[in-house]
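[1] predicted model and sequence follow; I will ask about them next.
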Amino acid sequence: MSAAGSTPALLRLCLDLNVWVADFLGTRRGRRGGSSPWLADAVRSGTCQAGPLQLVVSLGMLDRLALVLTREFQVDADAAETLVRAIGGVASFGPAGDHPHALVGGGVYPLHDEEDRHVLEVAVAGEADLLVTANMADFETADVLKVGDGTRIRLYPRPGRATLIIAHPDQARNWLRSGVPPLAAVERL
């Protein structure tokens, strides 16, 4: 419940693949204290101090994650498939019950990297409030803002919808752990 006694609004988060990889590596190394594991745990639980959380992810993102885990981290293909199915299940069984998205078309956003463009398109199509990535430079264009502590965020205005905020895992974790929804945090700066 919020201070006014109403239920907090559902927050929709799209976690870039680098967040899931950092979560995987933290688990593998027995280090669960970082921002990426905290964010992954929060979306798995479907809630945090800022309110209910819904994971926004696509089938393409899950396929790519399985490929990265098998090729770059020598994870058995069956184990990688089990992991990405579990992540898809997090989306399907989250507060809004969104299944992983299947995007057709795309290429609308001016990003050079095809994978980053796909992640951004998933975040927009899935109406995410917050896209979390450790690779902020991959999403930089002329309208990236630096806020408060120097953290870079990227705002994508969307007609008729709230602005999509792209933030580093540390910033996203700090906002969500403090109970402040991302847009409210940005508006305070």
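    Received the coordinates, thanks. Numbering: from 1, shown residues only.

[2] going forward, measure contacts between C-alpha atoms and count neighbours the same way
    Will do.

[3] ranges for the strands of this structure?
    11-15, 47-48, 51-55, 130-132, 144-147, 151-158, 161-167 (DSSP state E).

[4] please list the outside residues in contact with the third one.
    Here strand 51-55 makes contact (C-alpha atoms under 8 Å, 6 or more residues apart in numbering) with 1, 7-15, 42-43, 46-47, 90-91, 94-98, 179, 181.

[5] re earlier: lowest average pLDDT across the strands of the chain?
    Lowest mean pLDDT within those: strand 144-147, at a mean of 50.

[6] how about the helices of the chain, start to end?
    With DSSP state H as the criterion, the chain has helices at 17-29, 35-45, 59-73, 77-92, 114-125, 169-177, 182-188.

[7] got JSON lines for the ones you listed, with mean neighbour count, mean pLDDT and distance to residue 51 too?
    Output for the helices of the chain, formatted as JSON lines (neighbours: other C-alpha atoms under 10 Å; pLDDT from 0 to 100; distance: least, C-alpha to C-alpha, whole Å):
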{"stretch": "helix 17-29", "mean neighbour count": "17", "mean pLDDT": "93", "distance to residue 51": "20"}
{"stretch": "helix 35-45", "mean neighbour count": "21", "mean pLDDT": "96", "distance to residue 51": "10"}
{"stretch": "helix 59-73", "mean neighbour count": "17", "mean pLDDT": "95", "distance to residue 51": "25"}
{"stretch": "helix 77-92", "mean neighbour count": "18", "mean pLDDT": "95", "distance to residue 51": "16"}
{"stretch": "helix 114-125", "mean neighbour count": "20", "mean pLDDT": "82", "distance to residue 51": "19"}
{"stretch": "helix 169-177", "mean neighbour count": "20", "mean pLDDT": "91", "distance to residue 51": "8"}
{"stretch": "helix 182-188", "mean neighbour count": "13", "mean pLDDT": "63", "distance to residue 51": "11"}
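
[8] could I get the contacting residues of the closest residue to residue 81 other than its chain neighbours?
    Nearest residue to residue 81, sequence neighbours excluded (C-alpha to C-alpha, 6 or more residues apart in numbering): residue 66, at 6.1 Å. For residue 66, the contact set (C-alpha under 8 Å, 6+ apart) comprises 77, 80-81, 83-84.

[9] can you tell me how far residue 66 sits from residue 84?
    Taking C-alpha to C-alpha, to the nearest Å as the measure, residue 66 falls 6 Å from residue 84.
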